[in-house]
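> I'd like to go over a predicted model; first the sequence, then the structure.
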Amino acid sequence: MPRLVECVPNFSEGRDRSKIDAITAAISSAPGVSLLDVDPGAETNRTVVTFVGEPEEVLEGAFRGIAEAARVIDMRTHHGAHARLGATDVCPFVPVSGVTMEECVELARKLGARVGSELGIPVYLYESAAARPERKNLADVREGEYESLPSRTGNPLWTPDFGPSSFPPKSGATVIGARQFLIAYNVNLNTRSKKLAHDIALDIREKGRRKLDASGAPVKNKDGSYVMSPGKLPECKAVGWYIPEYGAAQISINLTNFHVTSLHEAFEAVVEEATRRGLRVTGSEIVGLVPLEAIRKAGIFYLRRQGLSAGVAESELVHVAAKSLGLSDLTPFHPEDKIIEYRLRRKDALVDRTLRGFVDELSSESAAPGGGSAAALLGALSAALSAMVALLTAGKKGFENVAPRMSDLGTEAQSLKDAFLEDVDRDTDAFLAVLAASRLPKKTPEEISAREAAQARAERDAIAVPLSVLERSFRAAELAREVALHGNPNSLSDAGVAAFCARSCAEGAFANVLINLTGKDDAASESLRARAEEALSRTLAVVEETSRLVREKLETPLKTS
């Protein structure tokens, strides 16, 4: 698994393209960094940049971007609709894969120390990297915005975590941190009223609004702070604003943990509050990138609300989510550009070839792709057929009693299909890694040691991939058996083929495990061999049962209505 960190710096420039290009060019100049998205806003005068890479590569890219922003942006002349504290307003690190939150916290602290010492910019740490609890919340750190910086000088409560205690007028201050994936999301209204939009924001955001007494005056705590009435949505920050270029007001939302409050929950909450005020939601927009899971959840929610099965292909879930949320209301929503996993997809994936292209490659003299990739593809075909039978059952008259289960089964089958498809390329990659390791130099003791370590890693992966395919084939076989038992009888042959594909998948994956264990007689290898044999036996038993069931049913004339 690659060690990937996402970094999403927000720069206080959204109008001058030459300055934006200079900043993004500086970020891209860091080796290993992949620039994924640049999202400028003229009214907010702010650009959200998203890039990924290995931890140290991202750290370097972030530093170069902050340095360039300090050079080209002058905060003394900056004005925009969005709150900001400096040329680089905020710079969070987000764990993506193979990296912990603790590692991202360490990256934030390293970057903060470097920005403070080398660039002379005051730095505050926030979210998971916060050194003081009162600085965890970005809104609290940014209170008063850039204009409040002169009053902070000499105030011990506002001493920066890194850098000088005086605030340079040109660059302002910067907030650096580590957090979970944040979805920046705007919901559009059929009004120009900023007041109405912000009123909705107060009702939905976690912080809520100030509590009022019987006379309408704000209620205060003993320390003088306002007592708040919490809003509807946890892990949600929101404000209302008006965007002249769109001719509409928006609810600007930050979902700080979409596992707690999802995209569709936020959207539906705004719809409810807008309707209560006589307004209508016209659509919404994603600012920056969004995780695939958030879009998938929305697609599932809206399909189920329509009384339809959610066991459809991922592309259909994305389509339904985009339509239901109105993501193309202002500008076209292109999933390949806005969904982070799609942006990180490899360009040469076997599974993205045409069917003929893949089979032609399989038939070439190249040793990869080979039997392992073919076995994984058979697993995907098995799961796809089970998903199809489930869909042809769940929505049909006469199958109401099994419709809920078929809908759930279809959803599981689609996920299983996608996992098998990933293994088509993973198996080929594992084989190529074995070849690459065998070709490493071995002239010095250091080279020999490095070569042996690389070979050991590659051989482990070469066994792990087909073994995971083999063990997953059991579940594919179980799903095929279930749709054969309870699915639409007109699709019985499809259920049978699903079972037979699962069997071929298991047999092929088992063969690939064995060939990679050839010549190994240690205890670990024997354990893996036994594990593979047990997985194969379990799958074959289920397929044999399904085969008998299908034959018996096919020999019985189908009932006609």
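Cool, the structure landed.

> look up the closest residue to Val287, ignoring the ones flanking it.
Of all residues not flanking Val287 in the chain, Ala184 sits nearest, at 3.8 Å (Cβ to Cβ, 6 or more residues apart in numbering). Placement of C-beta: from N, CA and C, glycine included.

> the one you found and Ile286 touch, don't they?
Yes. Here Ala184 reaches Ile286: they are 7.3 Å apart, a contact under Cβ atoms under 8 Å.

> of the two, give the one with the bigger neighbour count.
Legend: neighbour count by other Cβ atoms under 10 Å for Ala184 and Ile286, higher for Ile286 (22 against 19).

> my read is that that one contacts Val187, right?
No. Using Cβ under 8 Å, Ile286 makes no contact with Val187, being 11.0 Å away.

> tell me which stretches of the stretch 151-300 of the chain form strands.
Counting by DSSP state E, counting those that start in this stretch, one finds strands in the stretch 151-300 of the chain at the ranges 174-178, 183-189, 209-210, 228-229, 236-243, 248-255, 281-287.

> so who does Arg210 touch?
Taking Cβ atoms under 8 Å, 6 or more residues apart in numbering, we find Arg210 in contact with Pro218, Val219, Tyr226, Val227, Met228, Ser229.

> beta-bridge partners for it, please?
Counting by DSSP bridges, Arg210 is bridged to Met228.

> so Leu4 makes contact with Glu54?
Yes. Contact criterion Cβ under 8 Å: Leu4 and Glu54 qualify, at 7.2 Å.

> ok, Glu68 to Ser438 distance?
Glu68 sits 44 Å away from Ser438, going by Cβ to Cβ, to the nearest Å.

> scratch that, Thr47
47 Å.

> of these two, which one has the most company?
Using other Cβ under 10 Å, the more surrounded residue of Thr47 and Ser438 is Thr47, with 23 against 12.

> the spatially closest residue to that one that is not a sequence neighbour is in what secondary structure piece?
Nearest residue to Thr47, sequence neighbours excluded (Cβ to Cβ, 6+ apart): Pro40, at 4.2 Å. Secondary structure assignment for Pro40, by DSSP states H and E: strand 34-41.

> so what touches that strand?
Residues from elsewhere that reach strand 34-41 (Cβ under 8 Å, 6+ apart): 13-15, 17, 20, 24, 27-28, 46-53, 80, 82, 287-289, 337-338, 340, 343-344.

> next: stretch 96-112.
1-6, 52, 55, 58-59, 62-63, 66, 91-95, 123, 125, 128-129, 161-163, 176-178, 180, 340.

> give the contact list for the residue nearest to Val287.
Val48, Ser252, Ile253, Asn254, Ile286, Val287, Gly288.

> and it, how far from Cys236?
With distances taken as Cβ to Cβ, Ala184 is found 12 Å from Cys236.

> what is in contact with those two at once?
Any residue near both Ala184 and Cys236 by Cβ under 8 Å, 6+ apart counts here, and that gives Ile253, Asn254.

> break the chain into its domains for me.
The chain breaks down by automatic domain parsing into domains covering 4-178, 183-213+227-343, 350-554.

> got those as JSON lines, with mean pLDDT columns?
Shown next, in JSON lines, are the domains of the chain (pLDDT from 0 to 100):
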{"stretch": "domain 4-178", "mean pLDDT": "94"}
{"stretch": "domain 183-213+227-343", "mean pLDDT": "94"}
{"stretch": "domain 350-554", "mean pLDDT": "94"}
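
> what is the burial count for Leu392?
Applying other Cβ under 10 Å, we find 19 residues neighbouring Leu392.

> next one: the stretch of helix or strand it belongs to to chain centre, how far?
Using DSSP H and E, the element containing Leu392 is helix 371-394. In terms of Cα atoms, centre = their mean, to the nearest Å, the centre of helix 371-394 is found 25 Å from the chain centre.

> which element follows that helix toward the C-terminus?
Taking DSSP H and E, what comes next after helix 371-394 is helix 403-438.

> got the buried residues for that following helix?
Applying a neighbour-count criterion of 16 or more other Cβ atoms under 10 Å, the buried positions in helix 403-438 are 403, 406-407, 409-414, 416-421, 423-434, 437.

> in the protein, spot the strand with the most residues.
strand 88-97 (DSSP state E).

> and the angle from that one to strand 174-178?
10 degrees (axes from the mean of the first three to the mean of the last three Cα atoms, to 10 degrees).

> coming back round to it: kindly indicate which of the contacts of Ala184 lies nearest Leu377.
Ile286 (32.6 Å; Cβ to Cβ).

> please report how far the most centrally placed residue in the chain lies from Thr153.
Note on the chain: the residue nearest the mean C-alpha position is Pro291, at 2.6 Å, using Cα atoms, centre = their mean. Using Cβ to Cβ, we find Pro291 at a distance of 40 Å from Thr153.

> likewise for Ala456?
Using Cβ to Cβ, Ala456 is found at 57 Å from Thr153.

> report the separation between Met75 and Tyr146.
From Met75 over to Tyr146 the distance is 5 Å, taken as Cβ to Cβ.

> shared neighbours of those two, which are they?
By Cβ under 8 Å, 6+ apart, Met75 and Tyr146 have these common neighbours: Arg84, Gly86, Gly172.

> output these as JSON lines; include the columns neighbour count and distance to Ala108.
Shown next, in JSON lines, are those (neighbours: other Cβ atoms under 10 Å; distance: Cβ to Cβ, whole Å):
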{"residue": "Arg84", "neighbour count": "25", "distance to Ala108": "19"}
{"residue": "Gly86", "neighbour count": "30", "distance to Ala108": "16"}
{"residue": "Gly172", "neighbour count": "26", "distance to Ala108": "18"}
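
> what is the nearest of the residues you listed to Glu478?
Comparing these against Glu478 with Cβ to Cβ places Arg84 closest, at 54.5 Å.

> next, Arg64: phi, psi?
Backbone geometry at Arg64, expressed as degrees, to the nearest 10, gives phi -60, psi -40.

> let me see the contact set for the residue nearest to Leu212 when sequence neighbours are not counted.
Closest residue to Leu212 apart from its sequence neighbours, by Cβ to Cβ, 6+ apart: Pro218 at 6.1 Å. When contacts are counted by Cβ under 8 Å, 6+ apart, Pro218 touches Arg210, Lys211, Leu212, Tyr226, Val227.

> same list, those residues, but as CSV with distance to Arg277 please.
Formatted as CSV, those follow (distance: Cβ to Cβ, whole Å):
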residue, distance to Arg277
Arg210, 19
Lys211, 20
Leu212, 18
Tyr226, 24
Val227, 24
